[in-house]
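S.K.: coords please:
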Amino acid sequence: MSDESTRPWQTTHRETVFSNPYWSYRREEYRLADGKTSTYHYLHTPGSVIVVPLLDADTLLLVRQYRYPNDRESLEFPGGGHQPSGTFLDSAQTELREETGYKASTWQTIGQFNPCKGLTDELCTIFFCRDLEHAPIEKLDPFENTVVVPVSIASLEAQIFSGEIWCGMTIAAWYLARPWLKPRPPS
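M.R.: Model prediction:
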């Protein structure tokens, strides 16, 4: 249910300033309830996915890759942009397989979040998966160079607090995934 009093901005004009296959840069003009007008700039994306893969009872799969905007390597859960031609689960399964060489038979959607609410409208969907099987495929993205890093559950938080894991999307996904690490009820 929408209450207009909680949404005081009215969009009066929207334009795409620049776009590429991954996101677009938008400029929007808006009017406030008091009649004042202004402009807002942000990145629009079709969304993203991040996958928390449980390799065994004590081990998660992460990937190490270079992140150009930060000019440093990042240890993070597999993930990437959502492909609108498929479902979010399709995108998550593709990212897991491309980045780690594994596929999973058990998947659960565990939440969503916005990675940077003042700069983008992106909504990241988090998936937890288990029952992994090694199933390498050729990488579809020639610019993606990942190294698979098994990380013990016991050491993950220490790596977050030490700064070795600095990816905010990975940190958010980890804290939402923790309840899913409990043993499954017997079938």
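S.K.: Okay, now the unreliable bits of the chain?
M.R.: 1-7, 139-141, 183-187 (pLDDT under 70).
S.K.: Tell me how far the closest residue to Ala172 other than its chain neighbours lies from Tyr175.
M.R.: Leaving aside its chain neighbours, Ala172 sits nearest to Phe113 (5.4 Å; criterion: CB to CB, 6 or more residues apart in numbering). Where you see a C-beta, it was placed from the backbone N, CA and C, and this is true even at glycine. Separation of Phe113 from Tyr175 (CB to CB, to the nearest Å): 10 Å.
S.K.: who has more neighbours, those two?
M.R.: Phe113 (16 against 13; other CB atoms under 10 Å).
S.K.: Quick check: bridge partners of that one?
M.R.: Beta-bridge pairing of Phe113 under DSSP bridges involves Cys124.
S.K.: Contact partners for it?
M.R.: Neighbour list for Phe113: Leu123, Cys124, Ile126, Ala172, Leu176 [criterion: CB atoms under 8 Å, 6 or more residues apart in numbering].
S.K.: how close does the residue nearest to Ala172 sit to Ser91?
M.R.: 16 Å.
S.K.: care to break the protein down by domain?
M.R.: By the assignment in automatic domain parsing, the chain contains the domains 4-44, 48-180.
S.K.: Which stretches in the protein count as strands?
M.R.: When assigned using DSSP state E, the strands of the chain occupy the ranges 10-19, 24-31, 37-44, 48-56, 59-67, 72-76, 79-81, 102-113, 124-134, 147-152.
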